[in-house]
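K.L.:
Sequence plus the predicted model coming up.
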Amino acid sequence: MTLMPVEQALHLISQAFTPLGSEIIPLDQALGRTTAIDHQAALTQPPFDASAMDGYAVRAEDLKDGPTELKLIGEAPAGQHFTGTVIAGTAVRIFTGGPVPAGADTVIMQENTTRPDDHCIRITVPAEKGRNIRPAGNDFSHGQILVKQGTVLTARHIGMMAAANIAHPSVTIKPRIALLSTGDELVQVGETPGPGQIINSNNLLLSTLISENGGIAVDLGIARDNRTALEDRIALLDKQQDIDLFITIGGASVGDHDLVQDVLGQHGLKVNFWKLAIRPGKPMIFGHFKNCPMIGLPGNPASAYVCAVNFLVPALHIMLGRQNTGAPISIARLAHDLPENGARQDYMRAHFTEDDTGAKIVTALPRQDSAKLSSLALANCLLIRPPHATAAKSGTSVSILHLTKE
């Protein structure tokens with residue numbers, strides 16, 4: 001069977017997904033959610049000319065001849081407004097955030113003043129008009145678009161939206177992704193493995209990847225390597241509500257105990273493609289199971305993760321309507337030589353650092369076995385080697401796919 005190129009597989013998978021619907025939620029629950037619409041400021045910030053300093057509101061005209069004394073006629077603390085007018089020869093005590101009184105056009109910070117008495121202020125420095133004043137709308141104006149559709153909300157976005165009085169943002173619904181592990185050898189985390197058994201690490205590896213990318217993982221448990229067990233788990237899937245993507249882990253190859261294609265095929269699986277020109281992760285399935293998109297991931301942890309990052313994560317981002325889909329890719333320089341690559345696109349677990357100029361320097365980790373989680377945990381990127389890439393010398397520019405947000 002001809003192996004499908006990674007780019008073609010990604011295109012086909014991407015075509016199977018569209019953004020989900022939206023919901024309105026409280027702003028304090030919006031961290032990490034994706035905006036479904038453009039969000040506009042509900043007010044102007046600041047809503048008035050405000051002082052940027054503790055000091056005195058004055059007229060710049062009064063300071064043109066150098067140090068001068070002005071009559072102190074009142075105060076304008078934050079949250080209150082001086083109702084009078086600053087006229088020639090007068091000043092108003094003001095505090096950071098306080099509204100600038102009518103007539104004043106400059107704020108002198110208190111460190112540049114002295115107080116001869118309780119009713120007089122001496123200005124010791126000149127000042128140009130407008131100093132230490134934040135004009136109304138200096139941050140944003142009513143109706144201004146502050147957050148565009150498809151933005152993943154951070155604490156910084158939420159702080160700005162709070163200031164703009166956007167109390168209930170519209171966000172996309174979180175995709176629900178069902179995970180089914182397969183294999184007689186698997187036991188759950190916290191259980192004691194018997195002879196020939198291992199911990200089902202893939203379930204948590206993938207469910208947390210789904211969560212950190214904005215989705216909801218629905219655990220269908222472990223299906224043992226027999227038809228009855230797999231059919232029982234399929235029945236659990238039928239009972240779930242609103243599953244947007246079905247993921248199987250393991251059983252996607254052609255061994256005697258790899259039953260996923262066979263059993264699911266008898267229950268409605270339509271395979272779009274199987275086997276990719278990718279390393280690790282060649283035996284990956286993509287299709288539709290009972291009208292739900294389905295990805296069958298390999299069982300080896302590194303293989304499952306590499307395929308998930310390349311295909312599951314972009315699909316998730318598309319369903320969320322994000323502006324950018326998939327993990328970011330950038331250019332780095334090799335820290336060492338690499339041999340030529342074979343016919344499959346290779347995603348080598350690697351680690352990059354930045355030099356004094358900000359250029360990325362990448363090192364492939366020494367152990368690339370697809371069953372090793374230790375090298376995956378040490379990696380912060382995947383070094384991409386295209387099919388049939390020639391040998392590369394240290395210093396050669398290569399593409400890396402980022403695994404972290406650092």
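P.N.:
Happy to help now that I have it.

K.L.:
Next up, the contacts around the spatially most central residue of the chain.
P.N.:
The centroid of the chain falls nearest to residue 152 when counting by Cα atoms, centre = their mean (5.7 Å). By Cβ atoms under 8 Å, 6 or more residues apart in numbering, the contact set of residue 152 is 32, 33, 34, 214, 322. Where you see a C-beta, it was placed from the backbone N, CA and C, and this is true even at glycine.

K.L.:
could those residues go into a markdown table alongside secondary structure and distance to residue 137?
P.N.:
Output for the contacts of residue 152, formatted as a markdown table (DSSP: H, G, I helix; E, B strand; the rest coil; distance: Cβ to Cβ, whole Å):
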| residue | secondary structure | distance to residue 137 |
| --- | --- | --- |
| 32 | coil | 30 |
| 33 | coil | 28 |
| 34 | strand | 28 |
| 214 | coil | 33 |
| 322 | coil | 30 |
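
K.L.:
Any of these buried? List them.
P.N.:
Among those, those classed as buried by 16 or more other Cβ atoms under 10 Å are 32, 33, 34, 214, 322.

K.L.:
quick check, nearest of those residues to residue 86?
P.N.:
Lowest distance from residue 86 to these (Cβ to Cβ) belongs to residue 33, with 46.2 Å.

K.L.:
all helices of this protein, in order?
P.N.:
Ranges of helices within the chain are 6-15, 155-163, 201-212, 227-239, 260-266, 301-307, 313-320, 374-378, based on DSSP state H.

K.L.:
quick one: average confidence on the fifth one?
P.N.:
To tie it back to what came earlier, the one meant is helix 260-266. Mean per-residue pLDDT for helix 260-266: 87.

K.L.:
With residue 324 as the reference, measure out to the residue nearest to the centre of the chain.
P.N.:
9 Å (Cβ to Cβ, to the nearest Å).

K.L.:
Adding pLDDT and distance to residue 198, write the buried ones among the contacts of residue 152 out as TSV.
P.N.:
Listed next are the buried ones among the contacts of residue 152 as TSV, based on pLDDT from 0 to 100; distance: Cβ to Cβ, whole Å:
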residue	pLDDT	distance to residue 198
32	95	32
33	97	36
34	97	36
214	96	30
322	95	35
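
K.L.:
Report the residue ranges of every domain in this protein.
P.N.:
As given by automatic domain parsing, the domain ranges for the chain are 6-20+173-320, 22-45+147-172, 50-134, 329-402.

K.L.:
need these in TSV with distance to residue 140, can you?
P.N.:
Converted to TSV, the domains of the chain look like this (distance: least, Cβ to Cβ, whole Å):
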stretch	distance to residue 140
domain 6-20+173-320	25
domain 22-45+147-172	5
domain 50-134	12
domain 329-402	31
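
K.L.:
who does the closest residue to residue 246 other than its chain neighbours bridge with?
P.N.:
Nearest residue to residue 246, sequence neighbours excluded (Cβ to Cβ, 6 or more residues apart in numbering): residue 294, at 4.4 Å. Taking DSSP bridges as the rule, residue 294 bridges to residue 246, residue 287.

K.L.:
Would you mind confirming that residue 294 is in contact with residue 285?
P.N.:
Yes. Residue 294 lies in contact with residue 285 (Cβ atoms under 8 Å); the separation is 7.2 Å.

K.L.:
which residues do these two both contact?
P.N.:
If you check residue 294 and residue 285 against Cβ under 8 Å, 6+ apart, the residues they both contact are residue 248.

K.L.:
ok, now which ones touch the nearest residue to residue 80 once chain neighbours are set aside?
P.N.:
Spatial nearest neighbour of residue 80, excluding adjacent residues (Cβ to Cβ, 6+ apart): residue 98 at 7.2 Å. Residue 98 is in contact with 50, 51, 76, 77, 78, 79, 80, counting by Cβ under 8 Å, 6+ apart.

K.L.:
Same list (these) but as JSON lines, adding neighbour count and distance to residue 113.
P.N.:
Below are the contacts of residue 98 laid out as JSON lines (neighbours: other Cβ atoms under 10 Å; distance: Cβ to Cβ, whole Å):
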{"residue": "50", "neighbour count": "22", "distance to residue 113": "19"}
{"residue": "51", "neighbour count": "27", "distance to residue 113": "14"}
{"residue": "76", "neighbour count": "26", "distance to residue 113": "15"}
{"residue": "77", "neighbour count": "16", "distance to residue 113": "17"}
{"residue": "78", "neighbour count": "13", "distance to residue 113": "19"}
{"residue": "79", "neighbour count": "9", "distance to residue 113": "23"}
{"residue": "80", "neighbour count": "11", "distance to residue 113": "21"}
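
K.L.:
Residue 396: which of those residues is nearest?
P.N.:
The closest of the contacts of residue 98, once distances to residue 396 are taken by Cβ to Cβ, is residue 50, at 54.3 Å.

K.L.:
Identify the bridge partners of that closest one.
P.N.:
Going by DSSP bridges, residue 50 forms beta bridges with residue 99, residue 134.

K.L.:
do residue 401 as well
P.N.:
Applying DSSP bridges, one finds that residue 401 bridges with residue 329, residue 382.

K.L.:
quick one: residue 58 from residue 144, how far?
P.N.:
31 Å.

K.L.:
neighbour-wise, which of these two wins?
P.N.:
Remark: of residue 58 and residue 144, residue 58 carries more neighbours, 28 against 14, as counted by other Cβ atoms under 10 Å.
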